[in-house]
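**Student:** can't give you the sequence, but here's the structure:
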């Protein structure tokens, strides 16, 4: 059986957008590690598809697992050599981790942020939370500052378990920072930290499934959002951000993974952002690294994993790209109320 034929079978049986190239990526990751979380990290293929692909490869005798390890069989090893599939490699810049930003000018901001973040609320499955490392948040600030989207600007943060609002406000660079979050723990934490540090942050409780408040529409230069990754949910949250921008030249920042979004979903998202009047100016892969959240063994993908092991808190595997979108015309977005489940689709893995 060819990889294309196996991918066709996986697509028919699972409904997932799996390609032969995805199976190649999984086989490349298997040559680099026998640990399930490193395999998921290195693939990179939507996690549900990785699980389905591993089961399919096991079905033809190329992969096996035992004692908590996942490995190629001799037949799988021979197949990789025959197909010229080499081991996956990480060749990131050791200084910036591939982010392309210099953090030393933010040394004092970072120190204050680390101190404040020690008391942050833990990620909650109820609100589909999972926050990035503190270094990732500081790198976001550096990136926005370097792009001219921070100093003297009005910034809106949509969902803030990453505490972006606190980090950007510590620079004293933005003119105004407003936060909308559904979780009262986050709103209270941000508000209290802002009061204690003398930061100009306006934190409000708001469910982003509800329309953006009218007084916030068209009032900001920059927005930041790390949305849920179902297609409907991602576009809903990105649309709130675009609706908040003043117009051409204003920019938004979004996080998007390869673990819950196939390239088909990436294409659909890009198409919608372009249709809304934006252009993608930057996509930096693996910009964000996430701290493992406390509900991994109850997330949607857990039952599909061939090997069940809860990773350590600081054993990163979940990463996302940073996307910058800039408006080239007035945003063409609606501001509806969203009903039903906007957090899950067939690729959702961590909800």
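**Tutor:** All right, it came through fine. It should be emphasised that the depicted structure is a prediction, and the values quoted were computed from it without experimental measurement.

**Student:** Quick one: residues contacting residue 45.
**Tutor:** 18, 22, 25-26, 53, 258, 262 (C-beta atoms under 8 Å, 6 or more residues apart in numbering). Every residue, glycine included, has its C-beta placed from N, CA and C.

**Student:** Please flag which of those residues sit within helices.
**Tutor:** For the contacts of residue 45, the ones inside helices are 22, 25-26, 53, with DSSP state H as the criterion.

**Student:** Drop anything exposed from the contacts of residue 45.
**Tutor:** The neighbour count (16 or more other C-beta atoms under 10 Å) marks 18, 22, 25-26, 53, 258, 262 as buried among the contacts of residue 45.

**Student:** Pull the contacting residues for residue 135.
**Tutor:** By C-beta under 8 Å, 6+ apart, the residues touching residue 135 are 103, 110, 289.

**Student:** actually residue 36, not the one I typed
**Tutor:** Applying C-beta under 8 Å, 6+ apart, we find residue 36 in contact with 70, 305-307, 309.

**Student:** can you put those in a markdown table and add pLDDT and distance to residue 168?
**Tutor:** What follows is the contacts of residue 36, written out as a markdown table (pLDDT from 0 to 100; distance: C-beta to C-beta, whole Å):
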| residue | pLDDT | distance to residue 168 |
| --- | --- | --- |
| 70 | 98 | 41 |
| 305 | 96 | 36 |
| 306 | 95 | 41 |
| 307 | 94 | 40 |
| 309 | 94 | 36 |
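
**Student:** nearest to residue 284, of the contacts of residue 45?
**Tutor:** For residue 284, the closest of these turns out to be residue 258, at 13.1 Å, with distances computed as C-beta to C-beta.

**Student:** secondary structure element for residue 223?
**Tutor:** In this assignment (DSSP states H and E), residue 223 forms part of strand 222-225.

**Student:** Give the other helices and strands that that strand contacts.
**Tutor:** Other helices and strands packing on strand 222-225, by 3 or more C-beta pairs under 8 Å, 6 or more residues apart in numbering; DSSP states H and E, are helix 134-146, strand 154-158, helix 231-244, strand 251-256.

**Student:** at 7 Å instead, please
**Tutor:** strand 154-158, helix 231-244, strand 251-256 (3 or more C-beta pairs under 7 Å, 6 or more residues apart in numbering; DSSP states H and E).

**Student:** In the chain, what residue spans correspond to helices?
**Tutor:** Taking DSSP H as the criterion, the chain carries its helices at 3-14, 20-32, 36-42, 47-59, 74-83, 107-117, 134-146, 164-170, 184-197, 231-244, 263-275.

**Student:** avg pLDDT for the third one?
**Tutor:** When pLDDT is averaged along helix 36-42, the result is 96.

**Student:** Setting aside sequence neighbours, what's the nearest residue to residue 51?
**Tutor:** If the residues on either side of it in the chain are set aside, residue 51 comes closest to residue 304, at 3.7 Å by C-beta to C-beta, 6 or more residues apart in numbering.

**Student:** which residues does residue 55 contact?
**Tutor:** For residue 55, the contacting residues are residue 306, by C-beta atoms under 7 Å, 6 or more residues apart in numbering.

**Student:** and if you look at the one 3 residues further on?
**Tutor:** The neighbourhood of residue 58, defined by C-beta under 7 Å, 6+ apart, consists of residue 64.

**Student:** pLDDT wise, what is it at?
**Tutor:** 98.

**Student:** ditto for the one 4 residues further on
**Tutor:** Reading off the per-residue confidence, residue 62 sits at a pLDDT of 98.

**Student:** So it versus residue 307, what's the distance?
**Tutor:** Here the criterion is C-beta to C-beta, to the nearest Å. By it, residue 62 lies 16 Å from residue 307.

**Student:** Who has more neighbours out of those two?
**Tutor:** For residue 62 versus residue 307, the count of surrounding residues by other C-beta atoms under 10 Å is larger for residue 62: 23 against 16.

**Student:** just to revisit the earlier point, now, which of the contacts of residue 36 sits nearest residue 166?
**Tutor:** Minimum distance to residue 166 across the contacts of residue 36 is 33.3 Å, recorded for residue 309 (C-beta to C-beta).

**Student:** you'd agree the closest one is up against residue 67?
**Tutor:** No: the criterion here is C-beta atoms under 7 Å, and residue 309 misses it with residue 67 at 10.8 Å.

**Student:** Which one of those two is surrounded by more residues?
**Tutor:** In this comparison of residue 309 against residue 67, neighbours counted by other C-beta under 10 Å, the higher total goes to residue 309 at 14 against 6.

**Student:** Now do the contacts for the more buried one.
**Tutor:** When contacts are counted by C-beta under 7 Å, 6+ apart, residue 309 touches 36, 68.

**Student:** now swap in residue 295 and tell me
**Tutor:** Shown here is residue 295, whose contacts under the criterion C-beta under 7 Å, 6+ apart are residue 125.
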